[in-house]
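S.K.: Show me how the following folds:
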Amino acid sequence: MKTEFDYYYNNVPGKGLCRNNLIYTSLISKDNKTFCQWYYNDEGYHGGHNEVVDPQLMEEKFLREVRFLNMMHYHAKDLIPEIKDIDYKNRKIYLGIQGVDFWQRANCDYNIYDAIVPDWEKQMLTIFETHAKLGIYKYSLHPSSYFVVDGMLKSFNYFFCYTCTDKLICLDDVMSHISKDRRADLFPKMEKMGIKTNKTLEFATIQKLAFQSFKTDFPDHIMDAGCSIYENTPMPWI
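M.R.: Numbers count the residues shown, from 1 in each chain. Below you'll find the model as predicted:
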């Protein structure tokens, strides 16, 4: 793609420019109409805080993103951004957007979400319900994992997703996916739930934990509703 791109960061109040993602390098076109997930360990972007440095793991994350974006495109393409191009050689995924992500639009403050997308709660629960019905366990729930296009939430960041056909994991396997700030919040919740990082877990258990973790970024009742959707939706064998 010939469009010119810049690094993409979230400008977080009190913290300044923060990487939009720990895994890949985030790029945005100069006209703010295309977002690029570049599954490459770019030192200029990560600045010494690189989480995933194993090329094989980066390849696995890229293929996982492609797998689930394509699944969503087939079953519910209105819930994800337009897939403009996938460059398999360079591990780049290009998504059609309209400006910065949902979290950034709200100045990284969930009290402002209503002003950005008045019915965001209904839309988000529809996304959760769709994931559950498709058998997708999605653990990257951060509000920066959504763009807003024509007033509609568009979900992405599927590199941290699984279905029941995948091999079960323990949290030690994926700790690089979780920011240090979130780990500090997560570990007490894990202790309360009796979860050990070195023990293999059911995907449903990790999904429940993810909803608990992201109560720092969303109202509690939305995360509780998401958890309830998964608990009450029969997961298909995909």
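S.K.: what about the closest residue to Ile136 other than its chain neighbours, how many residues close to it?
M.R.: Leaving aside its sequence neighbours, Ile136 sits nearest to Cys161 (Cβ to Cβ, 6 or more residues apart in numbering; 5.5 Å). Yep, even glycine has a C-beta here, placed from its N, CA and C like the rest. Using other Cβ atoms under 10 Å, Cys161 has 21 other residues around it.
S.K.: just Thr200 next, same as before
M.R.: 12.
S.K.: Okay, and the beta partners of the residue nearest to Ile136?
M.R.: On the basis of DSSP bridges, Cys161 takes part in beta bridges with Lys138.
S.K.: Lys138 is in contact with that one, correct?
M.R.: Yes: with contact defined as Cβ atoms under 8 Å, Cys161 counts as touching Lys138 (4.8 Å).
S.K.: Pull up the overlap in contacts between those two.
M.R.: Shared contacts of Cys161 and Lys138 (Cβ atoms under 8 Å, 6 or more residues apart in numbering): Phe68.
S.K.: Reduced to three states, what does Thr35 come out as?
M.R.: Slight slip there: residue 35 is Phe, not Thr. strand (DSSP: H, G, I helix; E, B strand; the rest coil).
S.K.: what's the lowest-mean-pLDDT helix or strand in the chain packed up against?
M.R.: Of all helical and strand segments in the chain, the minimum by mean pLDDT, DSSP states H and E falls on helix 180-193, at a mean of 76. Packing partners of helix 180-193 (3 or more Cβ pairs under 8 Å, 6 or more residues apart in numbering; DSSP states H and E): helix 203-213.
S.K.: pLDDT averaged over the helix it packs on, what's the number?
M.R.: Mean pLDDT, helix 203-213: 93.
S.K.: could you give the angle of it to helix 180-193?
M.R.: If you take axes from the mean of the first three to the mean of the last three Cα atoms, to 10 degrees, helix 203-213 sits at 120 degrees to helix 180-193.
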